[in-house]
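Participant: Make a model of this:
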Amino acid sequence: MSEGVYRIYGSEMSPYSVKVRSYFRYKGVPHLWIARNGDNEAEYKAIARIPIVPTVATPSGEGLQDSTPIIEQVDALHPEPSIHPSDPDLAFLSALFEEFGDEWGNKLMFHHRWWDKVDQEASALTLARLSAPRAEAAEVAMRQKMIQERMTGRGHFVGSSEATAHLISDYWFELLDLLEPHFADRKYLFGGRPSFGDFGLSAQIYEASVDPTCGAGILARGPRVLAWCHRMMEPRDDGPFESWESLAPTLAPVLAYVGRYFLPWSQANSDALASGQAEFSVDLAGRAYVQPPQKYHAKSLAALKARYAGARTPTLDAILEAADCRRWLAG
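Facilitator: Residues are numbered from 1 along each chain as shown. Coordinates of the predicted model:
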């Protein structure tokens, strides 16, 4: 192992993998990107507690998993250039967008990747080839079929169903239409350099952009959003973070989207888990959204609320109140 070098075991089709890789690239932290496949399974298993990507091996051989804790642990050792605005209000908003990307953005991406047949086949083929880079065509085709059958049965994990398909597509296009003007004259969510929130949200939208259905949509309605996603694959410090006053005209509507959909869904999901419900329904902008609860997100929502409790200021409360976010975070 190269001294001082991290090893990132990941997949080009995993938003959390490209999120972590983007972070390492921005920080200039020495690392190797290792596409997880059969050729490196033994070394991967030696450090992975559970079979997920990304899994990062530290220079000392410790295994790190889960993209947000990975970034937070490495960031404590490599704080510069900072991914957190010095303004504490903006720092919290950045963390909120990071969580929004990881959880709600993943819902939008995962649903579309495995819903329509054209997306299923394209994604399964890519994953099949990634898992066996030198395999013959017949083996790739067999792997593609297995992957497609397995993954199309997992939509319930993100609430993808016949009842919610049209809603999720509407959520996707609404988010694109809100983000597009925000990037008209800035490179990143909070100004001239990437923030914590950029890493979480851009990775999900980038992954959606490589699939046929969402890719067509983002080319047609979100070319600036697409440019941002590509920029985040090799992010740079091109200027300072802006103030809320300069960001608000176009970022406040995106924050209101978070308050309209993500946070009420998050609270309903947490409540359903606490009461042992097998399924829950939540009113999102006047339409019922129904799905089984997601276990992991309840923990991350609790962490977000704790972060908010420690970050509260009158100005932050006013920003969140205007976007109808505060009530979901204060409870």
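Participant: residue ranges for the helices of the stretch 151-300 of the chain, please.
Facilitator: Using DSSP state H, counting those that start in this stretch, the helices found in the stretch 151-300 of the chain span residues 165-182, 196-209, 212-221, 223-231, 244-257, 263-274, 295-311.
Participant: relative to helix 196-209, how tilted is the shortest one?
Facilitator: Interaxial angle of helix 223-231 relative to helix 196-209 (axes from the mean of the first three to the mean of the last three C-alpha atoms, to 10 degrees): 110 degrees.
Participant: Residue 7 is in what secondary structure piece?
Facilitator: Under the criterion of DSSP states H and E, residue 7 resides in strand 6-10.
Participant: Paired strands for that strand, with orientation please.
Facilitator: Sheet pairing of strand 6-10 (DSSP bridges) gives strand 31-35 (parallel), strand 55-57 (antiparallel).
Participant: After it, heading C-terminal, what element do we hit next?
Facilitator: On the C-terminal side of strand 6-10, the nearest following helix or strand under DSSP H and E is helix 15-27.
Participant: That following helix relative to strand 31-35, how many degrees between them?
Facilitator: Using the same axes, to 10 degrees: helix 15-27 against strand 31-35 is 160 degrees.
Participant: Any idea how far helix 15-27 is from the middle of the chain?
Facilitator: Taking C-alpha atoms, centre = their mean, to the nearest Å, one finds helix 15-27 lying 11 Å from the centre of the chain it belongs to.
Participant: Then stretch 64-75?
Facilitator: 14 Å.
Participant: tell me which residues of that stretch are tucked away?
Facilitator: Within stretch 64-75, the residues that qualify as buried are 64, 65, 66, 67, 68, 70, 71, 74, 75, counting by 16 or more other C-beta atoms under 10 Å. Placement of C-beta: from N, CA and C, glycine included.
Participant: cool, stretch 211-231 as well?
Facilitator: 211-215, 217-218, 222, 224-226, 228-229, 231.
Participant: Could you export the residues you listed as JSON lines, including distance to residue 324?
Facilitator: Formatted as JSON lines, the buried residues of stretch 211-231 follow (distance: C-beta to C-beta, whole Å):
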{"residue": "211", "distance to residue 324": "31"}
{"residue": "212", "distance to residue 324": "34"}
{"residue": "213", "distance to residue 324": "30"}
{"residue": "214", "distance to residue 324": "27"}
{"residue": "215", "distance to residue 324": "31"}
{"residue": "217", "distance to residue 324": "26"}
{"residue": "218", "distance to residue 324": "27"}
{"residue": "222", "distance to residue 324": "24"}
{"residue": "224", "distance to residue 324": "26"}
{"residue": "225", "distance to residue 324": "23"}
{"residue": "226", "distance to residue 324": "29"}
{"residue": "228", "distance to residue 324": "25"}
{"residue": "229", "distance to residue 324": "27"}
{"residue": "231", "distance to residue 324": "30"}
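Participant: Run through who's touching stretch 273-281.
Facilitator: By C-beta atoms under 8 Å, 6 or more residues apart in numbering, the surrounding residues in contact with stretch 273-281 are 268, 269, 271, 272, 288, 289, 290, 291, 292, 293, 295, 298.
Participant: Excluding covalently adjacent residues, which one is nearest to the fourth one?
Facilitator: Closest residue to residue 272 apart from its sequence neighbours, by C-beta to C-beta, 6 or more residues apart in numbering: residue 280 at 3.6 Å.
Participant: Look up how far residue 176 lies from that neighbour.
Facilitator: 27 Å (C-beta to C-beta, to the nearest Å).
Participant: you'd agree residue 188 is up against residue 237?
Facilitator: No: the pair residue 188 / residue 237 is not scored as a contact, 9.7 Å apart, by C-beta atoms under 8 Å.
Participant: These two: which is more packed in?
Facilitator: Between residue 188 and residue 237, counted using other C-beta atoms under 10 Å, residue 188 has the larger neighbour count: 24 against 13.
Participant: Can you give me every residue that contacts that one?
Facilitator: 194, 195, 198, 228, 231, 232, 235.
Participant: now do residue 160
Facilitator: If you count contacts by C-beta under 8 Å, 6+ apart, then residue 160 has 107, 110, 111, 114, 115, 168 around it.
Participant: Those in strands, which ones?
Facilitator: Among the contacts of residue 160, no member falls in strands (criterion: DSSP state E).
Participant: got TSV for those, with distance to residue 147, neighbour count and pLDDT too?
Facilitator: As requested, the contacts of residue 160 are arranged in TSV below (distance: C-beta to C-beta, whole Å; neighbours: other C-beta atoms under 10 Å; pLDDT from 0 to 100):
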residue	distance to residue 147	neighbour count	pLDDT
107	20	24	97
110	14	22	98
111	17	26	98
114	10	21	98
115	15	20	98
168	21	21	98
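Participant: Since that was my last question, I'll sign off now.
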